[in-house]
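> Please work out how this folds:
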Amino acid sequence: MPEITVNMASGRTDEQKAGMMRDITQALVKNLGVDAEAVVIQINEAPLAHKMKGGKTFVERQKK
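Numbering: from 1, shown residues only. Model prediction:
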């Protein structure tokens, strides 16, 4: 059973996240030959203030 964990900054809609998970599921079905029922996907979201890139939080990066 493939298990995929996606770590990402919060801010995407439930519809966007569901679409991403469907696409990942289909990629595993296609490339690994597994049944979709065997695929588990989990999203871990971090608030923008709790995620940093290049020494700036994602909140700071939005203030360009």
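> average model confidence for the stretch of helix or strand Asp23 belongs to?
Element membership for Asp23, per DSSP states H and E: helix 14-32. Mean pLDDT, taken over the full extent of helix 14-32, equals 98.
> list the helices and strands it packs on?
strand 3-9, strand 40-46 (3 or more C-beta pairs under 8 Å, 6 or more residues apart in numbering; DSSP states H and E). All C-beta atoms are positioned from the backbone trio N, CA, C, and that covers glycine.
> what are the C-alpha coordinates of the last one, in CSV please?
Coordinates of the C-alpha atoms in strand 40-46 are reproduced here as CSV (Å, rounded to 0.1, in the frame of the first residue of the first chain):
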residue,chain,number,x,y,z
VAL,A,40,-3.3,6.6,1.0
ILE,A,41,-2.5,10.3,0.8
GLN,A,42,-2.2,12.7,3.7
ILE,A,43,-1.7,16.5,3.6
ASN,A,44,0.1,18.2,6.4
GLU,A,45,-0.5,21.9,6.3
ALA,A,46,1.5,24.6,8.1
